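Q: Provided below are the primary sequence and the corresponding predicted coordinates.
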Amino acid sequence: MTVDIHSLNPQQMDAFLERRRAVIAFASEMSLADNLAEILRKANEFVPSAAGSILLDNPLDKKPEKRQNLLTFVAAFGEKVTRLIGTEISADRGIAGYVYATGKSYHTADTGQDPYFFTGVDAVTEYSTESLVAIPIRIGHEVCGVLELMNRQGARDYSADDRNLLQIFAGYISISIQNILDGRRAQELAKRDNLTGLFNDHYLHVSLDRTIQTCLEDDLDLAVIFLDLDYFKRVNDTHGHLAGSQVLREVGHLLKSHVRKTESLPARYGGDEFVLVIPDFHIDEAIDLAETIRVSIVENIFCDKAGDIHREELNLTGITCSIGVATLKRHVEPKLTVADCKSTLLRLADTAMYIAKKTGRNRIAVAAEPVRRSTPAAEALLD
């Protein structure tokens, strides 16, 4: 018999993949919702039941004491289960809470006499649970959720064979979640610069197309900040390339600390060049941020302790940078294609950065405005 499986939508389900801080929810070919629905469907084929569900904890709000956590119904089948999807229950009650907190499987043939059974879920679904089996779901050695089946069809209780089969399906759930995590982690690593942890230039170009398209559609501004360290070759020549790599890594950390908008793209463009792409950021905001970054680099003490690349303390001071700024609304002609907008923004910000270098370094230059504007075309130089 085919059953209809209901689950959270893919965007909501992605929240339950946030078990590793490195994972960012970008589109993936694999859907956790589809995987869990298929596993629950197969579990019901092997152990026919009137209803079933998968509950997962919230990894972004997970407390050390398991009974203080919440479990969310992320997939289910049976009568009126649409009322359950997305519902949270406390892990300090019910059979699901007991299994989640102890990591032990549990079954009962008579919920009316069971000390752990919680009637609140039946009240929501207007359902009558008589028999129930619950199996813990693990990621590695950590319990992250529970697989439940209710009201065994053709029998009063769930047999030992039934419970053993469900252990296997719980394992499939664990493998599915881990495989998706691993796949997304691989996707994320492919976007990153190994040294700084910022996005790499390839991902910058790909993502900048999408970001510009969104800004054009929503009539938003977009800032591009181009940064290049001054006299960086001296660091390598004086202290060695390991020290130079350590400085670049620390610059990457510094840039990430200054970019607060989640939609922003901080990237290492190559060598000692960096690019920040910040949507919904107008020219004055971009200049203010550029100045904040310039000052923070001047005031920072690099390699002030043994790092993971350079193992000696150097306390490098006096490192500076030159910065160029351009924005979509201020510096790009209207009605250009997305590709032309991207090349114009990058070229103008890069050119402004070189103007900052030629006029003294350790300063900011704003790109020249197009001739179409009434104001004269000029580079505004800021100390």
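A: Right, received. Where do you want to start? Residues are numbered from 1 along each chain as shown.
Q: so where's the chain shaky on pLDDT?
A: Applying pLDDT under 70 to the chain picks out residues 1, 10-11, 13-30, 262, 371-383.
Q: which secondary structure elements does the top strand by length along it contact?
A: Determined from DSSP state E, the single longest strand within the chain is strand 142-152. With contacts taken as 3 or more CB pairs under 8 Å, 6 or more residues apart in numbering; DSSP states H and E, strand 142-152 sits against helix 32-46, strand 49-57, strand 70-77, helix 94-102, strand 132-139, helix 160-191. C-beta: built from backbone N, CA, C; applies to glycine.
Q: how about 6 Å then?
A: Judged by 3 or more CB pairs under 6 Å, 6 or more residues apart in numbering; DSSP states H and E, strand 142-152 is in contact with strand 49-57, helix 94-102, strand 132-139.
Q: can I get those in TSV with distance to Ser174 and mean neighbour count?
A: Formatted as TSV, the helices and strands packed on strand 142-152 follow (distance: least, CB to CB, whole Å; neighbours: other CB atoms under 10 Å):
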stretch	distance to Ser174	mean neighbour count
strand 49-57	11	24
helix 94-102	14	22
strand 132-139	5	23
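Q: Would you convert the ones you listed into CSV that also reports distance to Leu216?
A: Below are the helices and strands packed on strand 142-152 laid out as CSV (distance: least, CB to CB, whole Å):
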stretch, distance to Leu216
strand 49-57, 38
helix 94-102, 47
strand 132-139, 41
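Q: which one of those lies closest to Gly120?
A: Among the helices and strands packed on strand 142-152, helix 94-102 comes nearest to Gly120, with 7.6 Å by CB to CB.
Q: which outside residues touch that closest one?
A: Helix 94-102 has contacts (CB atoms under 6 Å, 6 or more residues apart in numbering) with 55, 66-67, 71, 91, 106, 116-118, 134, 136, 143, 146.
Q: Now with 7 Å, please.
A: Helix 94-102 is contacted by residues 55, 66-67, 71, 89-91, 105-106, 116-118, 132, 134, 136, 143, 145-146, 148 when judged by CB atoms under 7 Å, 6 or more residues apart in numbering.
Q: Out of those, which end up buried?
A: Taking 16 or more other CB atoms under 10 Å as the criterion, what is buried in those is 55, 66, 71, 89, 91, 105-106, 116-118, 132, 134, 136, 143, 145-146, 148.
Q: For the closest residue in space to Asp162 that isn't next to it in sequence, give its distance to Glu285.
A: Using CB to CB, 6 or more residues apart in numbering and skipping the chain neighbours, the partner closest in space to Asp162 is Val47 (4.7 Å). Distance check for Val47 against Glu285: by CB to CB, to the nearest Å, it reads 58 Å.
Q: now stretch 352-372, how far from the chain's geometric center?
A: Chain-centre distance of stretch 352-372: 34 Å, with CA atoms, centre = their mean, to the nearest Å.
Q: Go ahead and confirm Val298 touches Thr320.
A: Yes. Assessed by CB atoms under 7 Å, Val298 is found in contact with Thr320 at 5.6 Å.
Q: So for the two, which residues contact both of them?
A: Residues touching both Val298 and Thr320 (CB under 7 Å, 6+ apart) are Asn362.
Q: And the contacts of the host helix or strand of Lys233?
A: According to DSSP states H and E, Lys233 maps onto helix 232-239. Helix 232-239 has contacts (CB under 7 Å, 6+ apart) with Ala243, Gly244, Val247, Asp272, Leu314, Leu316.
Q: I'm done for today, thanks for sticking with me.
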